[in-house]
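Visitor: Show me how the following folds:
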Amino acid sequence: SISERDEVVLSVNLSENNLNDYMYPTEGQRNLLGVHLALPLGDYRYFDINANHTSYKPFSSDLTLKLTADLGIAKGYNGKELPFFKRYFAGGSGSVRGFGNKTLGPLYPNNSAKGGELSILGSASIIGPAYFFDNSDNMRMSAFIDTGNIYEKTSNIKLNDLRMSAGIGFAYLSPIGSIGIYWSTPILK
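Guide: Next up is the predicted model:
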C-alpha cells in the first residue's frame with residue numbers, strides 16, 4: 001500500500017564537467033541538468049527541471065572570471081499543487097548573498113518564506129589568490145555580483161523583480177575542508 005507521504009519519482013540527470021581543478025578551477029565549465037517526475041503511483045503529482053551552469057575563464061595571469069547561472073522550474077500536475085518541500089527558496093549563502101536566508105520571493109503575511117515554482121539565480125565573480133598571506137596556495141579572494149529571485153508561479157515572471165547584491169569573499173582550503181566567509185550588501189532591492 002502507498003501511504004500519504006509516499007512518492008515514486010522518475011529522475012534523469014545529465015552532467016558535463018571539464019574543469020581543470022576540483023577545488024580551485026581557473027578554466028573550464030560544469031553543466032548539470034536534472035528532470036524529475038513524481039509518478040501517479042504516490043500521492044504527489046509534480047515535476048521539476050533544474051539547469052545549472054558554471055564556467056571559469058582566465059581573466060589575467062592570476063585572476064579568474066567565474067560565471068554561474070541556475071534555473072529551476074517546478075509545478076504540480078493533474079490538479080495537484082506543488083508540495084511545499086519541492087518549492088524553491090533563495091537568499092543568503094549559496095544563492096543571492098547579501099539578502100537574508102530564504103527572504104527572496106513571495107512571503108506569507110507573517111513574513112516567512114512561501115517559496116515558489118520558478119527560481120532564477122546568477123552570479124559573476126573575479127577570483128584571485130590572497131596576496132596578503134605568505135603561503136596563499138590554499139586561499140582565494142573574490143569580488144562578486146549575485147542576482148536572482150523566486151517567483152510563486154511560472155506565469156509571474158517579471159525581470160524587474162530580480163534582486164542583486166555585491167560583495168567580497170575569502171576562501172581557505174583547510175586540512176579539514178573548505179572554509180569561506182563573505183561580506184555582501186544588496187544593491188537592487
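
Visitor: From Tyr46, how far off is Leu188?
Guide: Using Cβ to Cβ, to the nearest Å, one gets 31 Å for the distance from Leu188 to Tyr46. Just so you know, the C-beta spots here come from the backbone N, C-alpha and C atoms, and that holds for glycine as well.

Visitor: neighbour count winner among the two?
Guide: Using other Cβ atoms under 10 Å, the more surrounded residue of Leu188 and Tyr46 is Tyr46, with 21 against 13.

Visitor: so that one makes contact with Ile73?
Guide: No. If you go by Cβ atoms under 8 Å, Tyr46 and Ile73 don't touch, sitting 10.8 Å apart.

Visitor: mind listing the helices for this structure?
Guide: Shown for the chain, no helices are assigned by DSSP state H.

Visitor: For the residue nearest to the spatial centre of it, which non-adjacent residue is closest in space?
Guide: The centroid of the chain falls nearest to Ser95 when counting by Cα atoms, centre = their mean (4.6 Å). Computed as Cβ to Cβ, 6 or more residues apart in numbering, the closest residue to Ser95 that is not its neighbour in sequence is Leu121, at 5.5 Å.

Visitor: Tell me the bridge partners for that neighbour.
Guide: For Leu121, the beta-bridge partners under DSSP bridges are Asp70, Gly148.

Visitor: All the strands of the chain, residue numbers only.
Guide: 8-17, 28-39, 46-58, 64-76, 118-129, 139-151, 163-174, 177-188 (DSSP state E).

Visitor: what about these, which gets the closest to Pro109?
Guide: For the strands of the chain, distance to Pro109 was read as Cβ to Cβ. The smallest value, 17.3 Å, belongs to strand 139-151.

Visitor: Show me what counts as buried in the closest one.
Guide: For strand 139-151, the neighbour count (16 or more other Cβ atoms under 10 Å) marks 139-142, 144-151 as buried.

Visitor: ditto for stretch 20-37
Guide: For stretch 20-37, by 16+ other Cβ under 10 Å, it's 24-26, 30, 36-37.

Visitor: Would you mind listing where the protein has pLDDT under the threshold?
Guide: Within the chain, the segments meeting pLDDT under 70 span 1-5.

Visitor: State whether Ser11 and His36 are indeed in contact, as I suppose.
Guide: Yes. Here Ser11 lies in contact with His36, judged by Cβ under 8 Å, at a distance of 4.9 Å.

Visitor: Can you report how many residues lie near the residue lying closest to Ser184 once chain neighbours are set aside?
Guide: Closest residue to Ser184 apart from its sequence neighbours, by Cβ to Cβ, 6+ apart: Gly167 at 2.9 Å. Applying other Cβ under 10 Å, we find 18 residues neighbouring Gly167.

Visitor: Which residues are in contact with Gly167?
Guide: With contacts defined as Cβ atoms under 8 Å, 6 or more residues apart in numbering, Gly167 is in contact with 97-98, 143-144, 146, 182-185.

Visitor: repeat that for 10 Å
Guide: By Cβ atoms under 10 Å, 6 or more residues apart in numbering, the contact list for Gly167 reads 97-98, 125, 142-146, 182-187.

Visitor: Sweet, I'm off.
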